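Asks: Sequence unavailable; structure follows:
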């Protein structure tokens, strides 16, 4: 397997760096399928005779495994290079679908947990971080643009997987024309087999296309001094082991956690929330289920577009300032949504669109923020550790919203006022994140990796 | 003699541009399809 080694993937002179973003996108578009599981959720509930919660656990395990594997495998990914990491991710992701399909065909739900949840989740984590540090090294002049392009794929993957999966389920199920049709377990199993093959092919295309730049490579006409315009952008390097000892890492962790928690608060409840916001006194909503589905689609576009647009913008504004926008402007928009969102659907939709674009932007800008603070040395591994904030927010966001809504009444009886406590809690969280981001300062020199011209004799202690 | 390297370099640039176009098409076409399908659902919001 030497052909997967980092040494074998060094780009020859003249290699076009614009081949790297599509290679990264090939992986992120595939693993982005994780956000399209709702397509077959009802089918699995019926097939296994299980509750929605029991089926929802499949997705929860996958997201927890994403955070864990990204945190644990980050150093391995940085050491072994993007090709081996993408190849490994492809094997885990495709195997996850294969094992999951076996579980569906044999009516063994635990096999789906193991396959899609655990094995597939490991593929998610490795795949998510695999191209990040390579992109940053290929685009030292536009790191936000580069990581935005790749991480946009994670948002875009669901946009592709959702309609394709629906079409395949209809094709595989002979009863798809029946009224009130719910896809059969057999058709979901076949869908999993198909996705395994297609995703394997696409991810291997990414793995064999990606290359790392040779040591000392820089884009033509690029002057590193132009990037070092802000005092927050370092030319030093900090190891992953030392990065987690710095205050900066945990401040960015808090900022990302708050931003993601607030975004998930809306995403999780998107369809019922817009209907509840415009519920009339007789209990009927002005917003139909079809319109609510359109709203969810619009949020998906906002999530994807925000990843690219805001992250690319951060190359011009600086990472700290763009996070001030995500968290500060986000808090203001959230407040308006809570207090006046029910006045018109147009205002509600515009506010939600921007809030979700900030949610996506926070994800996509994080790797470049880490590059600025800790250098490129182990930025992939540091990014992997930072993603534990996502896992934590994935638990906290729905918990906060559901706890408040449960206290307000039953689904179908809620209105705009019922959401105010949950939304205003999110505003408070965003303010906490804003303050954390505001406190980010350059990393102390004692955490920098030694250079030949400047050695360090002792291991740095935890920053206090 | 002096034109040979230039011609070779030009071929390399063309091949590289072709590869870039194919690679972007492989990811861009499915993504464009996904965005289009989503926008058709979004239309219900403003319809």
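Replies: Structure's in. What do you need? Values in this document were obtained by computation on a predicted structure and should not be read as measured data.
Asks: any idea how far residue A:434 is from residue A:258?
Replies: Here residue A:434 is placed at a distance of 8 Å from residue A:258 (CB to CB, to the nearest Å). In this view, the C-beta of every residue, glycine as well, is placed from N, C-alpha and C.
Asks: Neighbour count for these two, which is higher?
Replies: residue A:258 (29 against 22; other CB atoms under 10 Å in any protein chain shown).
Asks: From residue A:198, how far off is the nearest residue to residue A:39 once chain neighbours are set aside?
Replies: Nearest residue to residue A:39, sequence neighbours excluded (CB to CB, 6 or more residues apart in numbering or on different chains): residue A:165, at 4.5 Å. To residue A:198, residue A:165 is 11 Å away according to CB to CB.
Asks: and what of residue A:261?
Replies: Shown here: residue A:261 relative to residue A:198, a distance of 33 Å by CB to CB.
Asks: Compare those two and say which is more crowded by neighbours.
Replies: Set residue A:261 next to residue A:198 and count neighbours by other CB under 10 Å: residue A:261 wins out with 28 against 18.
Asks: secondary structure element for that one?
Replies: Applying DSSP states H and E as the criterion places residue A:261 in helix A:247-277.
Asks: Could you pick out the residues of the stretch 301-450 of chain A near chain B for me?
Replies: With the criterion set to CB under 8 Å from any CB of the partner chain, the stretch 301-450 of chain A comes near chain B through A:301, A:304, A:349.
Asks: residue contacts, the nearest residue to the first one once chain neighbours are set aside?
Replies: It stands for residue A:301. For residue A:301, ignoring the flanking residues on the chain, the nearest one in space by CB to CB, 6+ apart is residue B:38 at 5.9 Å. Contact analysis of residue B:38 by CB atoms under 8 Å, 6 or more residues apart in numbering or on different chains lists A:159, A:162, A:163, A:297, A:300, A:301.
Asks: tell me the pLDDT at residue B:38?
Replies: For residue B:38, the pLDDT comes out at 89.
Asks: How about residue A:158?
Replies: pLDDT, residue A:158: 88.
Asks: in a strand, that's where it is, yeah?
Replies: No: under DSSP: H, G, I helix; E, B strand; the rest coil, residue A:158 sits outside any strand and is assigned helix.
Asks: buried sites along the helix or strand hosting residue A:421?
Replies: Assessed by DSSP H and E, residue A:421 sits inside helix A:416-438. For helix A:416-438, the neighbour count (16 or more other CB atoms under 10 Å in any protein chain shown) marks A:416, A:418-423, A:425-427, A:429-434, A:436-437 as buried.
Asks: Quick one: the helices in the stretch 301-450 of chain A, in order.
Replies: Using DSSP state H, counting those that start in this stretch, the helices of the stretch 301-450 of chain A run over A:319-324, A:330-340, A:345-374, A:379-386, A:388-408, A:416-438.
Asks: what's the farthest-apart pair in the contacts of residue B:38?
Replies: A:163 and A:301 (13.6 Å; CB to CB).
Asks: So for residue A:4, what's the nearest residue that isn't a sequence neighbour?
Replies: residue A:84 is the one closest to residue A:4 (CB to CB, 6+ apart), at 4.1 Å.
Asks: gap between the residue nearest to residue A:39 and residue A:381?
Replies: 33 Å.
Asks: One more: residue A:54?
Replies: 35 Å.
Asks: now residue A:129
Replies: 8 Å.
Asks: who touches both of those two?
Replies: Common contacts of residue A:129 and residue A:381, defined by CB under 8 Å, 6+ apart, comprise A:74, A:77.
Asks: Show residues contacting stretch A:424-438.
Replies: So stretch A:424-438 is in contact with A:251-252, A:254-259, A:261-262, A:265, A:320, A:323-324, A:327-328, A:330-331, A:334-335, A:338, A:400, A:404, going by CB under 8 Å, 6+ apart.
Asks: same question but for stretch A:188-200, I mixed them up
Replies: A:30, A:33, A:40, A:43-44, A:47, A:90-91, A:93-95, A:97-98, A:100-101, A:104-105, A:116, A:161, A:165, A:168-169, A:172.
Asks: Could I have the buried ones of the residues you listed as PyMOL selection syntax?
Replies: To isolate the buried members of the contacts of stretch A:188-200 in PyMOL, using 16+ other CB under 10 Å:
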select buried, chain A and resi 30+33+40+43+44+47+90+91+93+94+95+97+98+100+101+104+105+116+161+165+168+169+172
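Asks: Among the contacts of stretch A:188-200, which lie within helices?
Replies: A:30, A:43-44, A:47, A:90-91, A:93-95, A:97-98, A:100-101, A:104-105, A:161, A:165, A:168-169, A:172 (DSSP state H).
Asks: surely the residue nearest to residue A:39 meets residue A:36?
Replies: Yes: if you go by CB atoms under 8 Å, residue A:165 and residue A:36 touch, sitting 6.2 Å apart.
Asks: Mind checking which of residue A:163 and residue A:301 has more residues around it?
Replies: For the pair residue A:163 and residue A:301, the greater number of neighbours falls to residue A:301 (21 against 18), based on other CB under 10 Å.
Asks: Name all residues that make contact with the closest residue to chain A within chain B.
Replies: Closest residue of chain B to chain A, CB to the nearest CB: residue B:34 (3.3 Å). For residue B:34, the contact set (CB under 8 Å, 6+ apart) comprises A:156, A:158, A:159, A:160, A:161, A:162, A:163.
Asks: quick revisit: mean pLDDT added to the helices of the stretch 301-450 of chain A, as JSON lines?
Replies: JSON lines is the format used below for these (pLDDT from 0 to 100):
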{"stretch": "helix A:319-324", "mean pLDDT": "96"}
{"stretch": "helix A:330-340", "mean pLDDT": "95"}
{"stretch": "helix A:345-374", "mean pLDDT": "94"}
{"stretch": "helix A:379-386", "mean pLDDT": "93"}
{"stretch": "helix A:388-408", "mean pLDDT": "85"}
{"stretch": "helix A:416-438", "mean pLDDT": "94"}
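Asks: tell me the most buried of those helices?
Replies: For the helices of the stretch 301-450 of chain A, the largest average neighbour count (mean count of other CB atoms under 10 Å in any protein chain shown) is found in helix A:379-386, namely a mean of 29.
Asks: what sits up against that one?
Replies: A:70-75, A:77-78, A:125, A:129-130, A:132-133, A:136, A:238, A:240, A:243-244, A:249, A:252-253, A:256, A:366-367, A:370-371, A:374.
Asks: show me where the stretch 51-200 of chain A has helices.
Replies: Counting by DSSP H, counting those that start in this stretch, the helices of the stretch 51-200 of chain A are A:52-105, A:109-112, A:120-129, A:132-138, A:143-172, A:185-209.
Asks: which of those sits most buried?
Replies: Ranked by mean neighbour count, those are led by helix A:120-129 with a mean of 29 (mean count of other CB under 10 Å).
Asks: Low-confidence stretches in the chain?
Replies: Assuming you mean chain A. A:1, A:227-229, A:452-464 (pLDDT under 70).
Asks: Chain B, not that one
Replies: Short version for chain B, where the test is pLDDT under 70: B:1-15, B:47.
Asks: which parts of chain B sit against chain A?
Replies: By the rule CB under 8 Å from any CB, the part of chain B lying against chain A is B:9, B:12-13, B:16-17, B:19-20, B:23-24, B:26-28, B:30-31, B:33-35, B:37-39, B:41-46.
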